[in-house]
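Engineer: Structure of the sequence below:
(one chain, ligands or ions: 1)
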Amino acid sequence: MKERTLSIIKPDGVRKGLIGEVIRRFEKEGLKIVAMKMVRLDKEEAEGFYAVHRGKPFFESLTTFMSSGPIVVMVLEGEKAIERNRQIMGATDPQQAEEGTIRRMYADNIQENIVHGSDAPETATFEISYFFSSLEIV
Ligand code: CMP
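Structural biologist: A predicted model of the protein is given here:
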């Protein structure tokens, strides 16, 4: 079944010049980009996006990091898009991520881990609607 998932190239990914590399991976894997834009979140917007993590020890620094520079947000579409995107990214902690994954290759640490991807259909729906109206998804 075709699914949609939200992908974010985080501020560290943009700063490191990895926008093209991340997009290339998605396209190579046959994930179709059906919406894309560059935005800069303020602190409150980052807190709203990561609201499920409110109260966790890393919430403050995560939302400061996510509002520290521009990000690229994309909607990816394809068969099992959520799971396939997670495989391309690798585990949250780059030290645990499989060889060849984006996080293993490029991430500095568990927080600054280059990319974000939705982890389930319900979160994908919330996360896509956080950034895109239905008119912006082609
Ligand atoms: P992401 O996939 O965007 O989902 C939540 C984010 O919180 C995660 O990637 C990391 O950037 C960050 N994160 C998760 N766990 C930790 C942790 N233990 N310490 C610091 N940051 C974390």
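Engineer: Give me the average confidence score over stretch 125-138.
Structural biologist: The average pLDDT within stretch 125-138 is 98.
Engineer: now do stretch 78-86
Structural biologist: Regarding stretch 78-86, the rounded mean pLDDT is 98.
Engineer: does any part of that stretch sit near the ligand?
Structural biologist: No: no part of stretch 78-86 sits near the ligand under the criterion C-beta under 6 Å from any ligand atom; the closest distance found is 8.9 Å. In short, each C-beta sits where N, CA and C put it, glycine included.
Engineer: Distance from that stretch to the middle of the chain?
Structural biologist: On the basis of C-alpha atoms, centre = their mean, to the nearest Å, stretch 78-86 sits 13 Å off its chain's mean C-alpha point.
Engineer: So Ile88 versus the ligand, what's the distance?
Structural biologist: Distance, Ile88 to the ligand, by C-beta to the nearest ligand atom, to the nearest Å: 13 Å.
Engineer: Run a quick neighbour tally on the closest residue to that residue other than its chain neighbours.
Structural biologist: Distance criterion C-beta to C-beta, 6 or more residues apart in numbering; nearest residue to Ile88, sequence neighbours excluded, is Arg25 at 5.4 Å. For Arg25, the count of nearby residues is 19 (other C-beta atoms under 10 Å).
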